[in-house]
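**Q** how does the following fold in three dimensions:
(one chain, ligands or ions: 2)
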Amino acid sequence: MLMFNNLIDGEWLSDGARAPNVNPSDTKDIVGEAVRGTRAQAEAAIAAAKAAFPAWSRSTPQARYDILKKASDEILARKDELGRLLSREEGKTLPEGIGEVARAGQIFAFFAGECLRMAGEKLASVRPGIDIEITREALGVVGLITPWNFPIAIPAWKIAPALAYGNTVVVKPADLVPGSTWALVDILHRAGLPKGVLNLVIGRGSEVGAVLLEHPDVAAISFTGSVATGQKVAAACIASRPMKKFQLEMGGKNPLVVLDDADLKVAVECAANSAFFSTGQRCTAASRLIVTAGIHDRFVEALTERMRGLKVDDAVKAGTDIGPVVDQSQLDQDLKYISIGKDEGAKLAFGGELLNRAAPGFYLQPALFTGVANTMRIAREEIFGPVAAVIRVKDYAEALATANDTEFGLSSGICTTSLKYASDYKRNSEAGMVMVNLPIAGVDYHVPFGGRKGSSFGAREQGRYAAEFYTTVKTAYTMP
Ligand SMILES: NC(=O)C1=CN([C@@H]2O[C@H](COP(=O)(O)OP(=O)(O)OC[C@H]3O[C@@H](n4cnc5c(N)ncnc54)[C@H](OP(=O)(O)O)[C@@H]3O)[C@@H](O)[C@H]2O)C=CC1
Ligand SMILES: O=C(O)CCC(=O)C(=O)O
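**A** Ligands and ions are numbered 1, 2, ... in the order given. All right, here's what the predicted structure looks like:
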């Protein structure tokens, strides 16, 4: 049995209460046992990170590069094994799990390179004889609070830049998926991180997370999760003395527009991938399919046919397209919205049934609603499951207006063969990420990730833009 322990000040701590990590494909399968970190452990982790900060923030770029690169190499070498662990604890399919681990490995390789590329600017002053240098410095101790749906990629894209730019870290993974973050922290620890630079505190958000938000020695919080928790994080960071820098990645109600001139096969593939892969449990998932009248019926028929062919089964079984929902509570939420959709008068065109498989798990057939109005709750609220709503519109102008009519603005897409509409959509879509003839979920690891409106707050994550959050700018004036 794997034991997911906490790493505090370079020591693995196994004491205290433990909780089973249950496989959503087979609830009889216990993936491992995780410690339940306490407030006191969170405080000890912050103290360790604070003590480690001066030396780590002054370490050479080469020292940081070596550790991050070594971690990247091990993650990539073990991607099959770690991908299986991820799929067992979260429920995404094995190819998706392995792909996510590879992405984490590539993220560490990218930020290893960033250690060597940190640069500043030198400017002439407007006053005579004075030099100005603009540099970036680490923030101090950063608290990372991560969700369950990307158990290794999201911790990776927060931990890697935090360390590369010289910060020390306390990471709290989601309670449902402690194993992948534990494995990642173990790799980094063995890659040679000095004690206290990276601390792992597995435990409840209301307990361990709350300490991170309140503690005066935590300089910044990077959070990904629900809107409700994100708002609490923001309020706590503002109330904290001194105030904390914070960054929030939250929900989406992402639109995929399909125009009459779209290549039907491309549109159906983009929709199936964006709405249902990873069991729809992506903040970038397409949950609103906005389709113009001339292609609507053909699109719905072809998408329904594609859905009929999707195999929903055990996440690690060969041939599975869609794994289970992550747990009972998320399944209840999905079913609640399916029932709301029917009550609102939308037509359940396909799916939405609970499925029995060889083992007891949270299996749900992907669901497609048609006849949806953009005012309905299933078109406005994030469901976070394999449930998509088709909204029929008359033309491009109505499609764009409907796509933008949401409180969210994370990802957005259009399927069209028209350069004119594609260009106009890229320009006018109110989202942080816009895709043309591509799935709107599953993004690159070396470019900015984030959204607008109610989806995100603060600096972008990933790629070189991550420096904006994980560093603070210093302007130095010198009269030689
Ligand atoms: N946009 C996205 O990427 C995601 C969105 N969601 C949405 O959120 C819904 C609920 O998922 P859930 O995982 O519960 O999301 P939460 O927002 O509750 O959890 C995200 C992270 O925040 C922690 N947390 C929870 N409460 C607090 C708190 N008061 N202070 C500090 N940290 C806290 C959680 O810890 P713990 O696990 O211990 O509760 C977890 O690590 C989903 O159904 C979905 O709609 C969820 C995941 C990702
Ligand atoms: O779609 C992706 O690649 C990333 C999605 C994501 O980060 C999320 O769902 O939280």
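**Q** where exactly do the helices run in the stretch 351-480 of the chain?
**A** Under the criterion DSSP state H, counting those that start in this stretch, helices of the stretch 351-480 of the chain are mapped to 377-380, 396-404, 419-428, 466-470.
**Q** ligand 1: which of those is closest?
**A** Ligand 1 lies closest to helix 377-380 among the helices of the stretch 351-480 of the chain, at 13.1 Å (C-beta to the nearest ligand atom). No exception for glycine: its C-beta is placed from N, CA and C like everyone else's.
**Q** return the backbone torsion pair for Val211.
**A** Geometry field for Val211 lists phi and psi as phi -60, psi -40, criterion degrees, to the nearest 10.
**Q** and for it, the neighbour number?
**A** Each residue near Val211 was counted by other C-beta atoms under 10 Å, and the total is 23.
**Q** assign the spatially closest residue to it that is not a sequence neighbour to helix, strand or coil.
**A** Excluding the flanking residues, the one nearest Val211 by C-beta to C-beta, 6 or more residues apart in numbering is Ala42, at 3.7 Å. Secondary structure of Ala42, reduced to three states by DSSP: H, G, I helix; E, B strand; the rest coil: helix.
**Q** report the longest helix in the chain, please.
**A** Longest helix of the chain, by residue count under DSSP state H: helix 94-117.
**Q** tell me the pLDDT at the residue nearest in space to the middle of the chain?
**A** When the chain is reduced to its mean C-alpha position, the closest residue under C-alpha atoms, centre = their mean turns out to be Ile154, at 4.9 Å. Taken from the predicted model, the pLDDT recorded for Ile154 is 98.
**Q** that's a helix at it, yeah?
**A** Yes - secondary structure assignment (three-state DSSP) places Ile154 inside a helix.
**Q** which residues does it contact?
**A** Applying C-beta atoms under 8 Å, 6 or more residues apart in numbering, one finds that Ile154 lies in contact with 146-147, 224.
**Q** give me every residue in this protein lying close to ligand 2.
**A** Taking C-beta under 6 Å from any ligand atom as the measure of proximity, the chain contacts ligand 2 at 149-150, 154, 224, 282-284, 441-443.
**Q** restrict these to those near ligand 1?
**A** Near ligand 1, by the rule C-beta under 6 Å from any ligand atom, you find 149, 224, 283 out of the residues of the chain next to ligand 2.
**Q** give me the buried subset of these.
**A** Restricting these to buried positions leaves 149, 224, 283, with burial counted as 16 or more other C-beta atoms under 10 Å.
**Q** which residues in the stretch 101-250 of the chain form helices?
**A** Under the criterion DSSP H, counting those that start in this stretch, helices of the stretch 101-250 of the chain are mapped to 153-164, 178-190, 210-214, 227-239.
**Q** okay, the angle between the second one and helix 94-117?
**A** Spelled out, that is helix 178-190. Following axes from the mean of the first three to the mean of the last three C-alpha atoms, to 10 degrees, one obtains 30 degrees for the angle between helix 178-190 and helix 94-117.
**Q** can you pull the buried residues of helix 178-190?
**A** Of the residues in helix 178-190, those buried under the neighbour-count criterion (16+ other C-beta under 10 Å) are 178-189.
**Q** would you mind giving the buried ones among the ones next to ligand 1 among the residues of the chain next to ligand 2 as CSV with pLDDT added?
**A** Shown next, in CSV, are those (pLDDT from 0 to 100):
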residue, pLDDT
Asn149, 98
Thr224, 98
Cys283, 98
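**Q** those residues in strands, which ones?
**A** Counting by DSSP state E, those place Thr224 in strands.
**Q** break the protein into its domains for me.
**A** What automatic domain parsing lists as the domains of the chain is 2-250+455-478, 254-436.
**Q** chain center to the strand or helix carrying Ile338, what's the gap?
**A** Counting by DSSP states H and E, the element that carries Ile338 is helix 328-343. For helix 328-343, the distance between its averaged C-alpha position and the chain's averaged C-alpha position is 22 Å (C-alpha atoms, centre = their mean, to the nearest Å).
**Q** mind starting the numbering at 19 from now?
**A** Taking 19 as the first residue, the last one we looked at is helix 346-361.
**Q** what residues of that helix count as buried?
**A** Those would be 348-349, 351-353, 355-356, 359, for helix 346-361 by 16+ other C-beta under 10 Å.
**Q** want to throw those into CSV with pLDDT and distance to Gly223?
**A** Listed next are those as CSV, based on pLDDT from 0 to 100; distance: C-beta to C-beta, whole Å:
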residue, pLDDT, distance to Gly223
Gln348, 98, 16
Leu349, 98, 20
Gln351, 98, 17
Asp352, 98, 21
Leu353, 98, 24
Tyr355, 98, 23
Ile356, 98, 27
Gly359, 98, 29
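**Q** which of those residues lies closest to Asp149?
**A** Distances from Asp149 to the buried residues of helix 346-361, taken as C-beta to C-beta, are shortest for Gln348 (56.2 Å).
**Q** state whether the closest one and Phe402 are indeed in contact, as I suppose.
**A** Yes - contact status for Gln348 versus Phe402: in contact at 6.6 Å, counting by C-beta atoms under 8 Å.
**Q** and for these two, which residues touch both?
**A** Going by C-beta under 8 Å, 6+ apart, residues that sit against Gln348 and also against Phe402 are Gln299.
**Q** so of the helices of the stretch 369-498 of the chain, which one's packed in deepest?
**A** With neighbours defined as mean count of other C-beta atoms under 10 Å, these peak in mean count at helix 484-488, which reaches a mean of 22.
**Q** what does the stretch 119-268 of the chain have sitting close to ligand 1?
**A** Taking C-beta under 6 Å from any ligand atom as the criterion, the stretch 119-268 of the chain approaches ligand 1 at residues 163-167, 190, 192-193, 222-224, 227-228, 231, 242-244, 247, 250, 268.
**Q** report the buried members of those residues.
**A** Applying a neighbour-count criterion of 16+ other C-beta under 10 Å, the buried members of those are 163-167, 190, 192-193, 223, 227, 231, 242-243, 247, 250, 268.
**Q** in TSV, list the helices of the stretch 369-498 of the chain along with mean pLDDT and distance to Ser143.
**A** Converted to TSV, those look like this (pLDDT from 0 to 100; distance: least, C-beta to C-beta, whole Å):
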stretch	mean pLDDT	distance to Ser143
helix 395-398	98	52
helix 414-422	98	44
helix 437-446	98	39
helix 484-488	98	24
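**Q** so which of these is nearest Glu92?
**A** helix 484-488 (21.8 Å).
**Q** identify the residues contacting the longest strand seen in the chain?
**A** The longest strand of the chain (DSSP E) is strand 44-53. Here strand 44-53 makes contact (C-beta under 8 Å, 6+ apart) with 19-24, 31-41, 103, 106-107, 193, 196-197, 200, 220-221, 332, 377-380.
**Q** give me the distance between the residue of the chain positioned farthest from its centre and ligand 2.
**A** Note on the chain: the largest C-alpha distance from the chain mean falls to Pro146, namely 48.6 Å (C-alpha atoms, centre = their mean). With distances defined as C-beta to the nearest ligand atom, to the nearest Å, the gap from Pro146 to ligand 2 amounts to 50 Å.
**Q** thanks a lot, catch you later.
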